[in-house]
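*Asks:* quick one: sequence and predicted model below, then my questions.
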Amino acid sequence: MGLDPESGHIVTSSLTTEQVGDPGALPGLLAQVAEVVCRFLGNGAYDSAPPAATIQEAFGPDVEVIIPPPSNAVPGDCAIRNAHIQMIADHGRIAWQKATGYGQRFRGEAQIGRFKQVIGPALRGRKMEAQKLEIVIAVKALNRVTDLGRAAYRRVI
């Protein structure tokens, strides 16, 4: 799933078999995005040079790619990843998360939680094609619900 954090809309989604990992599904997900993308926040499953290159190929070299390297990561061929590794080594992981805005990834996790709460935790279709159609319909329905309004949160001290 891909989320536009400003609108709260799900802009890309895909249902795959368990044999397809996150990096394998990435090109298909990116192809669905029609909007301009300035920042890509992903989880550690995308931590390697091929996904970063795929993202820059899809959205241009100026897209900000923020993917956390594992704690035992070593520099390699990917300049973006190397910069993240160095920043974490110099300032720590929490400082890296604050500086890069990685904490905003919670919005995607919250949207998945909303999806499961509103649509349900399980798919009803028995065949893969029916399940894929079910996901498309569910995403459109959830985006329409989002258009009705989202909660506004303010920090209270």
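*Replies:* Okay, I see it.

*Asks:* and residue 107, how many neighbours?
*Replies:* 14 (other Cβ atoms under 10 Å). The way it works is simple: take the backbone N, C-alpha and C, and place the C-beta from them, glycine included.

*Asks:* scan this protein for its longest helix.
*Replies:* In the chain, taking DSSP state H as the definition, the longest helix is helix 128-147.

*Asks:* let me see the ranges of the strands in the protein.
*Replies:* Along the chain, counting by DSSP state E, strands occupy 2-3, 10-12, 39-41, 64-66.

*Asks:* identify the residues contacting the longest helix of the chain?
*Replies:* 7-10, 13-15, 17, 111, 114-115, 118-119, 123-125 (Cβ atoms under 8 Å, 6 or more residues apart in numbering).

*Asks:* please redo it, this time with the cut-off set to 10 Å
*Replies:* Contacting residues not belonging to helix 128-147 are listed as 1, 4, 7-17, 111, 114-115, 118-120, 123-125, 127 [Cβ atoms under 10 Å, 6 or more residues apart in numbering].

*Asks:* buried set for it?
*Replies:* For helix 128-147, a neighbour-count test (16 or more other Cβ atoms under 10 Å) marks 132, 134, 135, 138, 139, 142, 146 as buried.

*Asks:* now that helix: average pLDDT?
*Replies:* Taken as a whole, helix 128-147 has an average pLDDT of 91.

*Asks:* how far away from the center of its chain is it?
*Replies:* Centre-to-centre, helix 128-147 and its host chain are 17 Å apart (Cα atoms, centre = their mean, to the nearest Å).

*Asks:* on that earlier part again, now tabulate the buried residues of helix 128-147 in JSON lines and tack on distance to residue 57.
*Replies:* Putting the buried residues of helix 128-147 into JSON lines (distance: Cβ to Cβ, whole Å) gives the following:
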{"residue": "132", "distance to residue 57": "25"}
{"residue": "134", "distance to residue 57": "31"}
{"residue": "135", "distance to residue 57": "25"}
{"residue": "138", "distance to residue 57": "29"}
{"residue": "139", "distance to residue 57": "25"}
{"residue": "142", "distance to residue 57": "29"}
{"residue": "146", "distance to residue 57": "29"}
